[in-house]
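Participant: Give me the fold of what follows.
(chains A and B)
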Amino acid sequence: MPLGLLKYGRGSDYPFESKPDLPGPRDLKKHYDVVIIGGGGHGVATAYYLAKYHGITNVAVLEKAYLGGGNTARNTAVIRSNYLTPEGVRFYSASVRLYENLANEFDFNIMYSRRGQLTLAHTDATVRAFRQRAEVNKHFGGRTELIDRQNIAELVPCLNLDPAELPVMAGLWHQDGATARHDAVAWGYARGATQRGAELHQLTEVIGIESHAEQVTGVITNRGKISCGSVIQAVAGHSAVMSQKAGFPLPIVAYPLQAMVTLPVKPFLNPLVSSSALHCYVQQTSRGEIVIGGGSDPYPLYNSRASLPLKESLIASAVDMFPFLSEMRLLRQWAGITDMTADYSPIMGLSPLQNYYLDAGWGTWGFKATPICGKTMAELVASGGQVPELIQPFTLERFNHFQQVNEMGATAASH
Amino acid sequence: MKIMHCPLNGPRNISEFVYGGQVAAMPDPQQCSDKDWAGYVFYEENAIGVVREWWQHAPSSYWFIAERHNGTDDIVRTYDPSELFDERVDFAAGDNES
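Facilitator: Below is the predicted model:
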């Protein structure tokens, strides 16, 4: 054993780190240049890039509960860019590229693990759609190809190729598909942002937004009032509720999305596997747990309760895909609230208020976009409202002109 | 099992029902602006509280209205649509001829 390690083990400050990752709680200042509502991945990533690339550090991230405790903690941590539209693929593949180097950039392990993602087609129509996705992906920077049953069997030997009388016809194999530890992503960004001078205020809920002549002047929190130069809202799950505090509606309907994990087992499943017809996706985390996720609840609700029928159908589909899962025990289950838009794309950029910026409508596709959202939202705010080209298609205005960016067929497993 | 009271069939398992969106007044598609139409198509009431929604009992194809709390999932009341719609609604029938 190296002597240094022995010495460290016997040292008096063991096992405590000399410097905590995040600074302790502090008082709110009277004024911030930028207030970010929502201390999830997107919010702290925006604060991080504002400080890192634009030198804007008089920033407060306001979080009503604790860092990364909302949908950042509730998603199933899938990172991929095999979307359908050029706008979507360009945007999400920029995010995947940022993810790849994030742990190095932070000097903080986010447990990024590139596994590849496999989506199964059970009908001719889906095979045709996959062919289109593969071509769009190749063109706009992702690595995606169509593979046949034999390739699938070699890639995932334990997969049942004829589940529920729906034979697998082909697969969309996305080599860039990956997973990471979601809490670590939020912590890495928060650490980087606070080290550069931004402030993270947990247990600080925004209860009102003050505006005058289409300009936001300040926010009212449960800890007092702050004035601010501009506001970014990044509150997945409650975007439309928050925007109404600012005085305008959003084209969002909130649905719960339920997921679960089994007890950890030895590694056996490398790629992330999802089925387009069974509405189910299965992956093994780096800790060994099998994550099972699927479609949203059948009707809207602002509540993260569980419902037995949805769990039952989800487990049935997972067992159809991997029959031996019936032998395993569930460890925990949870739900998140997803802000669904009509076209399954986010709402980013300008709002009806001049200095109030939107990072909303993140439905079931928010975690994978965390880095690129932070980067583009920071650019948007730092430039005083020049919308970066990458997020122009996701403007709120698109709904008024019926210019949707339709990602329904390529999103999650709900379709 | 969550139960919904169907005004036609009585208390049934909620899995027999299909959600059909919030009850909203439809603007005249021939007359209204694009923005008004977008408002009707894409926007819903997003406050957390009791909302008025269309539901269908799928096995009997019967549409009715439910008042439901979208935060607690309590179903406050269900009733036949004739309570709200007591006149015939015409969907600009003349334009279908073209």
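Participant: where does the chain dip in pLDDT?
Facilitator: Defaulting to chain A. Within chain A, the stretches with pLDDT under 70 are A:1, A:13-18, A:412-415.
Participant: ah, I was thinking of chain B
Facilitator: B:91-98.
Participant: those helices in it, which residues are they?
Facilitator: Per DSSP state H, chain B carries helices over the ranges B:34-42.
Participant: leaving aside the residues next to it on the chain, what's closest to the residue nearest the centre of chain B?
Facilitator: Geometric centre of chain B, nearest residue: B:Trp54, 2.2 Å, by CA atoms, centre = their mean. Excluding its sequence neighbours, the residue lying closest to B:Trp54 (CB to CB, 6 or more residues apart in numbering or on different chains) is B:Gly20, at 3.5 Å. (C-beta placed from N, C-alpha, C; glycine too.)
Participant: Run a quick neighbour tally on the one you found.
Facilitator: Using other CB atoms under 10 Å in any protein chain shown, B:Gly20 is surrounded by 15 other residues.
Participant: So it sits against B:His57, correct?
Facilitator: No - using CB atoms under 8 Å, B:Gly20 is not in contact with B:His57, being 11.0 Å away.
Participant: Quick check: end-to-end length of stretch B:56-67?
Facilitator: Stretch B:56-67 has an end-to-end distance of 13 Å (criterion: CA to CA, to the nearest Å).
Participant: Correction: the previous question concerned stretch A:230-245.
Facilitator: With CA to CA as the measure, the ends of stretch A:230-245 fall 15 Å from one another.
Participant: and that stretch, how far from the chain's centre?
Facilitator: 16 Å (CA atoms, centre = their mean, to the nearest Å).
Participant: mind listing what's buried in it?
Facilitator: Across stretch A:230-245, burial judged by 16 or more other CB atoms under 10 Å in any protein chain shown covers A:230-245.
Participant: quick one: is that stretch near chain B?
Facilitator: Yes - contact of stretch A:230-245 with chain B (CB under 8 Å from any CB of the partner chain) involves A:Ala240, A:Val241, A:Gln244.
Participant: which residue packs closest to A:Arg74, ignoring adjacent ones?
Facilitator: A:Gly336 (3.3 Å).
Participant: before we move on, which element is whichever residue of the stretch 1-150 of chain A sits closest to chain B in?
Facilitator: Closest to chain B within the stretch 1-150 of chain A is A:Lys64: 14.4 Å, counting by CB to the nearest CB. Using DSSP states H and E, A:Lys64 sits in no helix or strand.
Participant: right, and it touches A:Ile207 too?
Facilitator: No - checked against CB under 8 Å, the pair A:Lys64 and A:Ile207 is beyond contact range at 9.3 Å.
Participant: between these two, which one's more packed in?
Facilitator: Taking neighbours as other CB under 10 Å, A:Lys64 and A:Ile207 compare with A:Lys64 leading, 20 against 10.
Participant: Would you check how far apart the more buried one and A:Gly39 are?
Facilitator: Separation of A:Lys64 from A:Gly39 (CB to CB, to the nearest Å) stands at 8 Å.
Participant: And the helices in chain A?
Facilitator: Counting by DSSP H, the helices of chain A are A:3-10, A:41-54, A:71-74, A:86-100, A:102-106, A:124-139, A:149-155, A:182-195, A:239-245, A:308-321, A:370-382.
Participant: nearest to A:Thr262, of those?
Facilitator: helix A:308-321 (9.3 Å; CB to CB).
Participant: quick one: the closest one near chain B?
Facilitator: Yes - judged by CB under 8 Å from any CB, helix A:308-321 comes into contact with chain B at A:Leu308, A:Pro309.
Participant: which residue sits closest to A:Asn71, ignoring its sequence neighbours?
Facilitator: Nearest one to A:Asn71, counting by CB to CB, 6+ apart, is A:Ala236 at 4.1 Å.
Participant: quick one: contacts for the one you found?
Facilitator: Neighbouring residues of A:Ala236 by CB atoms under 8 Å, 6 or more residues apart in numbering or on different chains: A:38, A:40, A:42, A:70-72, A:336-339, A:360, A:362, A:366.
Participant: Chain B contacts on chain A?
Facilitator: So far as CB under 8 Å from any CB goes, chain A lies against chain B at A:240-241, A:244, A:249-254, A:298-303, A:305, A:307-309, A:342, A:399-402.
Participant: isn't A:Gly192 right next to A:Lys52, touching?
Facilitator: Yes - with contact defined as CB under 8 Å, A:Gly192 counts as touching A:Lys52 (7.1 Å).
Participant: re earlier: ChimeraX command for the buried members of the contacts of A:Ala236?
Facilitator: Filtering the contacts of A:Ala236 down to the buried ones (16+ other CB under 10 Å) takes a single ChimeraX command:
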select /A:38,40,42,70,71,72,336,337,338,339,360,362,366
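Participant: Okay, and which of the contacts of A:Ala236 map to strands?
Facilitator: Using DSSP state E, A:Gly336, A:Ile337, A:Thr338, A:Asp339, A:Ala360 are the members of these that sit in strands.
Participant: just those residues now: which is nearest A:Met348?
Facilitator: Ranked by distance to A:Met348 (CB to CB), the ones in strands among the contacts of A:Ala236 are led by A:Ala360 at 7.5 Å.
Participant: what residues are up against the nearest residue to that closest one once chain neighbours are set aside?
Facilitator: Once flanking residues are discounted, A:Ala360 sits nearest to A:Ser239: 3.6 Å by CB to CB, 6+ apart. By CB under 8 Å, 6+ apart, the contact list for A:Ser239 reads A:Gln233, A:Leu250, A:Ile252, A:Asp339, A:Ile347, A:Leu358, A:Ala360, A:Gly361, A:Trp362.
Participant: got a list of what the first one touches?
Facilitator: Taking CB under 8 Å, 6+ apart as the criterion, A:Gln233 is in contact with A:Ile37, A:Gly38, A:Ser239, A:Met242, A:Ser243, A:Ala246, A:Tyr356, A:Tyr357, A:Leu358, A:Asp359, A:Ala360.
Participant: The last one contacts A:Met340, doesn't it?
Facilitator: It stands for A:Ala360. No - shown here, A:Ala360 and A:Met340 do not form a contact pair, counting by CB under 8 Å, at 11.3 Å.
Participant: joint contacts of the two?
Facilitator: Common neighbours of A:Ala360 and A:Met340 (CB under 8 Å, 6+ apart) are A:Ile252.
Participant: Report the contact partners of B:Phe42.
Facilitator: Applying CB under 8 Å, 6+ apart to B:Phe42 gives the contacts A:Pro251, A:Ala342, A:Phe399.
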